[in-house]
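Novice: using only what follows, build the 3D model:
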Amino acid sequence: MRTMRRAVGAIRVSRMRDASTSPEVQEDKIKGWCQLHDAELAGIAVDKDVSGKGVSPWEREDLGKWMSRPQDFDVLVATKLDRVCRDAMEFFRLIVWAKENKIAVVFIMDGIDLSTPGGEMAAKILAVVAEWDWNRIRENTLDGQQKAISQGRFKGAIAPFGYRQVKETRDGITGTWLVPDENLVGIVREMVARVTAGRESVASIARDLNQRGIPVPADAHRIRMGRPSKGAQWRSSNIVRALRSRNLLGEYTTNDNSTLRDETGLPIAKAEPLVSRQEYSDLQKALDKISRKKEANRPSSSEYQGVIVCGGCGKPYYHLLSHGKGTYRCSSVDRGASCGNRSVRADVIREQLDSSFRTAFDGMPMLRRVVSPAEDHSEDIAALTEELDNLTGNLARVKPGSTAAEATLRLIESREESLQALRSLPERRERVEWLETGEDLTSVWDGLSDAERGLFLRDHEVKLYFRHPRGSDDVSMLVMWGRLDEMREALASRSA
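Specialist: Presented below is the predicted three-dimensional model:
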């Protein structure tokens, strides 16, 4: 009695597929082959969203488990060679592996059985053709993406938060474009304003958005597509991610959030910006401040790093542990050229700052610094002016009356209108006000932990300059109070 061969089916589905490569169709063909050839189906390995190029059969999540256990089956079956691999070298490796482990490899629709000499030769030829075909598809895909990006069309599955996709024709080009989503633009601008103002934490903003039922970006996309929301929640991390993105400026970006530029060096726009460049710049400064505060509140961070400065070379002092005790040392030591200034114990710095603070501000009222940001459109004006210069240069290089010339003229006209509108907007300088809080500085200081004191000093741009040269007994510490001096001057001007 003949023993039935044990077969394993290999199914692969890439991100771009048609009905003929669906998992169900592949599985039906594999089961039909097993019935026709009296083979027992020991298992089916299904790998979805996996490219046949760059991911070998041994590295695939499901198939790889079977490839590591060749003793558990006799035949590897796939509908076509490219369902297993599209790389010629990987295929030749598969042939060697199959021979060493006495595994028959069958590609149903290609009519190939590697256990026969003719099948092996035909498969080698097919492997080379499959690799060439994959490279051709990849090149065509990249060319299409680059062309779409250069035209300002949107290439992606989910619109960035604050935008929605529309299919329309612009300047004779039909495709998918991004436009501001009227249901979300107000939310985006609210988030920008609240974070920039700095009066509340990002976590509290997240809680408020969740209570109001504002959808996160992925759920907003599902709702636009007519699908049910998954109820995902806003968190500090996804708010910061959305507000860090240069998508707010309507720019195409690289993986590291850098601006993608065309051959003239100009940013490639994919949509109308949701904020101005000045607003984006102010927002990033506010997020940087939040990040510094978060870092300072971590248990492992040192209290006064960023406050202490070397009185010899002007470089910052950093914190380190020595024999279980905290010390601060000049960063010139790690740069290979020590300035000769000595280290200082953390407790010495702590006592000096506490004593100096009480002497300088005993009984002084605490004021809160409120900044009304400047209205300055110089960055936007400079960017538009540069773009107009480049467009004018491009116009001189194209044939007069051509489609390219007409399109360039329309762009120049649009940019000139925008430039004129920007120049007509009022400008004002940054205004700083000091408002009373009803507290005094020393009471506020007493209520702070060491880590909070360090953050307080950094926020007020306080610096302590430490000087103790090696071989000398002379030690000096000078505190520059930064914005606390501004606070003192504001109080003095009120009483004058």
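Novice: need the helix or strand of this structure with the lowest average pLDDT.
Specialist: Each helix and strand of the chain was given a mean pLDDT (mean pLDDT, DSSP states H and E); the minimum falls on helix 117-150 at a mean of 54.
Novice: can you give me the helices for the stretch 51-200 of the chain?
Specialist: Along the stretch 51-200 of the chain, counting by DSSP state H, counting those that start in this stretch, helices occupy 63-67, 88-100, 117-150, 185-197.
Novice: residue boundaries of the helices in the stretch 301-450 of the chain?
Specialist: Using DSSP H, counting those that start in this stretch, the helices of the stretch 301-450 of the chain run over 346-361, 378-395, 403-424, 441-446, 450-459.
Novice: so which of the ones you listed comes closest to residue 5?
Specialist: Taking CB to CB, helix 403-424 is the member of these nearest to residue 5, at 63.7 Å. Every residue, glycine included, has its C-beta placed from N, CA and C.
Novice: low pLDDT regions in the stretch 251-400 of the chain?
Specialist: The stretch 251-400 of the chain contains residues with pLDDT under 70 at 252-269, 292-302, 322-324, 335-336, 373-374.
Novice: please enumerate the strands of it.
Specialist: 308-310, 317-322, 325-330, 344-345, 365-372 (DSSP state E, counting those that start in this stretch).
Novice: how about these in JSON lines, adding distance to residue 477 and mean neighbour count?
Specialist: Below are the strands of the stretch 251-400 of the chain laid out as JSON lines (distance: least, CB to CB, whole Å; neighbours: other CB atoms under 10 Å):
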{"stretch": "strand 308-310", "distance to residue 477": "9", "mean neighbour count": "22"}
{"stretch": "strand 317-322", "distance to residue 477": "12", "mean neighbour count": "16"}
{"stretch": "strand 325-330", "distance to residue 477": "12", "mean neighbour count": "19"}
{"stretch": "strand 344-345", "distance to residue 477": "9", "mean neighbour count": "17"}
{"stretch": "strand 365-372", "distance to residue 477": "24", "mean neighbour count": "14"}
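Novice: can you list those in a markdown table and add distance to residue 162?
Specialist: Listed next are the strands of the stretch 251-400 of the chain as a markdown table, based on distance: least, CB to CB, whole Å:
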| stretch | distance to residue 162 |
| --- | --- |
| strand 308-310 | 42 |
| strand 317-322 | 40 |
| strand 325-330 | 44 |
| strand 344-345 | 49 |
| strand 365-372 | 25 |
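Novice: quick one: which of those is nearest residue 281?
Specialist: Smallest distance to residue 281 across the strands of the stretch 251-400 of the chain (CB to CB): 14.0 Å, for strand 365-372.
Novice: run the angle between the closest one and helix 450-459 for me.
Specialist: 50 degrees (axes from the mean of the first three to the mean of the last three CA atoms, to 10 degrees).
Novice: quick one on the thing from earlier: of the strands of the stretch 251-400 of the chain, which is nearest residue 236?
Specialist: strand 365-372 (23.2 Å).
Novice: give the partner strands of that closest one in its sheet and their orientations.
Specialist: If you go by DSSP bridges, strand 365-372 pairs up with strand 431-440 (antiparallel).
Novice: avg pLDDT for the partner strand?
Specialist: For strand 431-440, the mean pLDDT works out to 86.
Novice: please spell out which residues along that strand are buried.
Specialist: Neighbour counts over strand 431-440 (16 or more other CB atoms under 10 Å) mark residue 434 as buried.
Novice: what does it rub up against?
Specialist: The contact list for strand 431-440, computed with CB atoms under 8 Å, 6 or more residues apart in numbering, reads 363-372, 486-487, 490-491.
Novice: of all those residues, which two lie farthest apart?
Specialist: Using CB to CB, the pair of the contacts of strand 431-440 lying farthest apart is 363 and 372, separated by 29.4 Å.
Novice: quick check: residue 316 touching residue 308?
Specialist: Yes - Residue 316 lies in contact with residue 308 (CB atoms under 8 Å); the separation is 7.1 Å.
Novice: residue contacts, residue 392?
Specialist: Taking CB under 8 Å, 6+ apart, we find residue 392 in contact with residue 412.
Novice: same check on residue 276?
Specialist: Shown in contact with residue 276 (CB under 8 Å, 6+ apart): 377, 380.
Novice: distance of it relative to residue 371?
Specialist: In this view, residue 276 and residue 371 are 17 Å apart by CB to CB, to the nearest Å.
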